[in-house]
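Student: Predicted structure and sequence below. I'll ask about it afterward.
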Amino acid sequence: MNIEQILLNFLGENLFLLVLAAFIIVCIFLGVRIVPQSEQFVVERFGRLKSVLGPGINFIVPFLDRVAHKISILERQLPNASQDAITVDNVLVQVETSVFYRITEPERTVYRIRDVDAAIATTVAGIVRAEIGKMELDEVQSNRSQLITQIKALVEDAVDDWGIEVTRAEILDVNLDQATRDAMMQQLNAERARRAEVTKAEGNKRSVELAADAELYAAEQTAKARRIEAEAEAYATQVVAAAIAENGLEAAQYQVALKQVESLNALGGSQGSNTIVLPANAIEAFGNAFNMLKGRG
């Protein structure tokens, strides 16, 4: 018996086992599905939805079940879109938007919508036009964050049946036509000129107020000085009156004589005074002052 006959006999006896082993290998190959972390597999049986396979090792029925769709669950960004809109004050604006989303329920995305990206883009465009049509241009410019929040909420409600979660919705830019820009620039320049005039007028008013305050302060200080001087003179008068009341007429004469002596001294001590003219009673004043000083001593 040669080698060929031996092989034929072996194959004939073990053919069933070989076929069975091959069948088992094919079943394992078809029945085991390893799903990546970033994907989910949609399984169909005879054309109907059977299950959705999550990340990891999964088992399906070979020859009956098949993986019909492999869906990425990573966050996606739609291409930036630009659409025209008209505000409530009839200004044409061009709005550039960007939307981020991810698929949370692949079975809905697969069986309820054909082109999810185009559907979301169309929905966003309609919502943006509708929302901007309710606002004036100044509100669009100043309340952009509020507008973005409103658009995101409306888009989420619109795409909820498609198994999609809108993670971000952004308004990248709001562009105006050249005529509107020129009009806004003229308005801005006029507003700047008005503010400059107001600032100048306020400055002039403040300058006048400060000058008036300075004059009032000077007047108050002058009045205060005069009051102090008057009080000093009154105090001196009170002292003299008290001395007269205490010492009588003699104290008054002493004060008069003392003043005369001080005046003569000042006249004699002045520069350029070579000749001193004395009144007729000057000598008598000196004598009286001397006698009074001697008597007080």
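Tutor: Yep, that arrived. Here the structure is a predicted model, which means the values were calculated and not measured.

Student: Going by C-alpha atoms from here, please, whenever you check contacts or count neighbours.
Tutor: Will do.

Student: Okay, now the sheet partners of the strand or helix carrying Ile71, with direction.
Tutor: In the assignment (DSSP states H and E), Ile71 maps to strand 65-72. Here strand 65-72 is paired, per DSSP bridges, with strand 39-45 (antiparallel).

Student: From the chain's centroid, how far away is the strand it pairs with?
Tutor: Strand 39-45 sits 48 Å away from the centroid of its parent chain (Cα atoms, centre = their mean, to the nearest Å).

Student: and what of stretch 114-123?
Tutor: The chain centroid and the centroid of stretch 114-123 are separated by 35 Å under Cα atoms, centre = their mean.

Student: After the strand holding Ile71, which helix or strand is next?
Tutor: For strand 65-72, the following helix or strand on the C-terminal side (DSSP H and E) is strand 76-77.

Student: what does that next one rub up against?
Tutor: Ser98, Val99, Phe100, Tyr101, Arg102 (Cα atoms under 8 Å, 6 or more residues apart in numbering).

Student: do stretch 111-119 as well
Tutor: In contact with stretch 111-119 (Cα under 8 Å, 6+ apart) are residues Leu78, Thr109, Asp161, Trp162.

Student: looking at it, the first one is touching Arg102, isn't it?
Tutor: No. With contact defined as Cα atoms under 8 Å, Leu78 does not reach Arg102; the gap is 10.6 Å.

Student: These two: which is more packed in?
Tutor: Arg102 (17 against 14; other Cα atoms under 10 Å).

Student: was I right about that one contacting Ile73?
Tutor: Yes. The pair Arg102 / Ile73 is scored as a contact, 5.9 Å apart, by Cα under 8 Å.

Student: Helices along the stretch 1-150 of the chain, start to end?
Tutor: Shown for the stretch 1-150 of the chain, the helices assigned by DSSP state H, counting those that start in this stretch span residues 3-31, 106-112, 116-132, 137-142, 144-158.

Student: Of the ones you listed, which is nearest Ala219?
Tutor: When the helices of the stretch 1-150 of the chain are compared by Cα to Cα, helix 137-142 sits nearest Ala219, at 52.5 Å.

Student: quick one: the closest one to chain centroid distance?
Tutor: 16 Å.

Student: Ok, stretch 210-227 next?
Tutor: For stretch 210-227 - counting by Cα atoms, centre = their mean - the centre lies 46 Å from the chain centre.

Student: go on, stretch 123-138?
Tutor: Taking Cα atoms, centre = their mean, one finds stretch 123-138 lying 25 Å from the centre of the chain it belongs to.

Student: mind listing what's buried in that stretch?
Tutor: Val124, Ala125, Ile127, Val128, Arg129, Glu131, Ile132, Gly133, Met135, Leu137 (16 or more other Cα atoms under 10 Å).

Student: So what's the residue count around the closest residue to the first one other than its chain neighbours?
Tutor: What it means is Val124. The shortest distance from Val124 to any non-neighbouring residue, by Cα to Cα, 6 or more residues apart in numbering, is to Val155 (6.4 Å). The number of residues packed around Val155, counting by other Cα under 10 Å, is 22.

Student: Now, of the contacts of stretch 111-119, which are buried?
Tutor: Taking 16+ other Cα under 10 Å as the criterion, what is buried in those is Thr109, Trp162.

Student: Taking the contacts of stretch 111-119, tell me the two that lie furthest apart.
Tutor: Leu78 and Asp161 (18.7 Å).

Student: quick one: Phe29 from Asn58, how far?
Tutor: 12 Å (Cα to Cα, to the nearest Å).

Student: ok, those two, which is more surrounded?
Tutor: Asn58 (14 against 11).

Student: Is the more buried one in contact with Ile28, as I believe?
Tutor: No. The pair Asn58 and Ile28 fails to qualify as a contact (Cα under 8 Å) at a distance of 11.3 Å.
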